[in-house]
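Visitor: just to be clear, the model below is a prediction. Sequence and coordinates:
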Amino acid sequence: MIERNVAPPPAGATVAAGLAASLVDFATGRGAQHTDLLARAELDETRLADIDGRVDLGRYLVLIDAARQVTGDPALVLRWAEAVGMAEVSIVGLIMEASATMGEAFVQMQRYGGLAMEIDAPASGPRYDLVRRGGELRMVERPMPLGIVPALTESAFARLVCGPRRFLEQPHVLAVHLAYAPPSYRSEYDRIFRCPVHFNASCNAMTLHPEILGWRVAQYPHYAFGVLAAKADILLAELEASKTVRGQVEAALLPILHEGEAGADRIAAQLGISRQTLFRRLQREDTSFRQVLGDLRQRLASDYLRGGKVSVNETAYLVGFSDPAAFSRAFKRWTGQGPKAFRRQNKGGSAV
């Protein structure tokens, strides 16, 4: 079982789907059954297909537990973090490696770290602090609201050690300090970190080389940094939006919209609240369930029609209309023009 002393993860706390998918693949390569892991963590393949998608933190912790159990390897997560760098599982790692210096990489990690793992949701903030004391530089992990979870700390620290090791000319981490007892696989910590590892410390931290912030990184052209940062800003805005009740309702509606049965009662039940509570919370955000549903349908329908790959009738079905005529009337009400005219104008082709 996972060695942890935790409270339940905060509601809305998530990790990047790329992390969960990578762990599943890594464990599968060591004897675990792919479908068994997904079933244990109540995850589905489609959710993991988009590496920038989100996975509930509680399910991710169950996945960690299951992966260790079925492989019989308590050090599995630590070994996974050694073998698979952050750049392979999250845009955050790519941005860090595209940064000019290690100092800038740290700034970007603080800025975009929630895209990889948002532990403190809904009041998410930077996960680490840089502290200088008497000529020593430390990166200190802030206390997590769910308590001490060695698997989360060891995997994060291992990636921060092993990733830069590929391109830095000298050791950048001089010591590792961990606020928990040494596990049964203590020797793996020594092998992977290659520096003194101190357990039962007052906090989780790493002592860094005092000049590390000026060391060059730039594993990708500066142009790539700008492109990646722009994409990350979009993902960050989407993540922030998902914390609102409106965002939660939209997320619940998306996978069932095509069924045509996306009623308030069903969504309220999925969110674990009553219909009236849902209405009150949406009202506090100056919106309503009807407006959220209509806006989502309009946005998706417009995207489908611009893409030009589905017909008007297919678009009607995808956004939850069983009657194409009713969809056409609704679309004209939303945009001032019918779906066929909209499709021609925005795609330049004939509407089917």
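Guide: Looks like it came in fine.
Visitor: so where do the helices sit in the stretch 251-352 of the chain?
Guide: Listed in chain order, the helices found in the stretch 251-352 of the chain under DSSP state H, counting those that start in this stretch are 264-271, 275-284, 289-307, 312-318, 324-335, 339-347.
Visitor: contacting residues around the first one?
Guide: It stands for helix 264-271. Helix 264-271 is contacted by residues Gln248, Val249, Ala252, Leu253, Ile256, Ser274, Arg275, Thr277, Leu278, Phe279, Phe289 when judged by C-beta atoms under 8 Å, 6 or more residues apart in numbering. (C-beta placed from N, C-alpha, C; glycine too.)
Visitor: quick one: the fifth one and Val249 touch, right?
Guide: No: between Ile256 and Val249 there is no contact under C-beta atoms under 8 Å: 11.6 Å.
Visitor: more crowded one of these two?
Guide: Val249 (25 against 15; other C-beta atoms under 10 Å).
Visitor: would you mind measuring from the nearest residue to the more buried one once chain neighbours are set aside to Thr244?
Guide: Using C-beta to C-beta, 6 or more residues apart in numbering and skipping the chain neighbours, the partner closest in space to Val249 is Val292 (5.2 Å). Applying C-beta to C-beta, to the nearest Å, the value for Val292 to Thr244 is 10 Å.
Visitor: ok, these two, which is more surrounded?
Guide: Using other C-beta under 10 Å as the criterion, Val292 and Thr244 rank with Val292 on top: 21 against 16.
Visitor: what's the distance between the more buried one and Ile234?
Guide: Distance, Val292 to Ile234, using C-beta to C-beta: 21 Å.
Visitor: hey, which helix or strand in this protein has the poorest pLDDT?
Guide: Ranked by mean pLDDT, DSSP states H and E, the helix or strand of the chain with the weakest confidence is strand 5-6, at a mean of 43.
Visitor: and the gap between Asn313 and Met206?
Guide: According to C-beta to C-beta, Asn313 stands 58 Å off from Met206.
Visitor: higher neighbour count, those two?
Guide: Using other C-beta under 10 Å as the criterion, Asn313 and Met206 rank with Met206 on top: 23 against 14.
Visitor: what strand or helix carries that one?
Guide: Per DSSP states H and E: Met206 is located in strand 205-208.
Visitor: that strand - what's its average pLDDT?
Guide: For strand 205-208, the mean pLDDT works out to 96.
Visitor: and it, what other elements does it pack with?
Guide: With contacts taken as 3 or more C-beta pairs under 8 Å, 6 or more residues apart in numbering; DSSP states H and E, strand 205-208 sits against strand 136-141, helix 150-165, strand 173-177.
Visitor: out of those, which comes closest to Arg54?
Guide: Across the helices and strands packed on strand 205-208, Arg54 has its closest neighbour in helix 150-165 (16.2 Å, C-beta to C-beta).
Visitor: check the offset of the closest one from the chain's centre.
Guide: Remark: helix 150-165 is offset 17 Å from the chain centroid, using C-alpha atoms, centre = their mean, to the nearest Å.
Visitor: check stretch 44-61 too.
Guide: 8 Å.
Visitor: ditto for stretch 65-84
Guide: Distance, stretch centre to chain centre, for stretch 65-84: 20 Å (C-alpha atoms, centre = their mean).
Visitor: next: stretch 294-313.
Guide: Distance of stretch 294-313 from the chain centroid (C-alpha atoms, centre = their mean) equals 26 Å.
Visitor: in that stretch, which residues are buried?
Guide: For stretch 294-313, the neighbour count (16 or more other C-beta atoms under 10 Å) marks Leu296, Arg297, Gln298, Leu300, Ala301, Ser302, Tyr304, Leu305, Gly308, Ser311, Val312 as buried.
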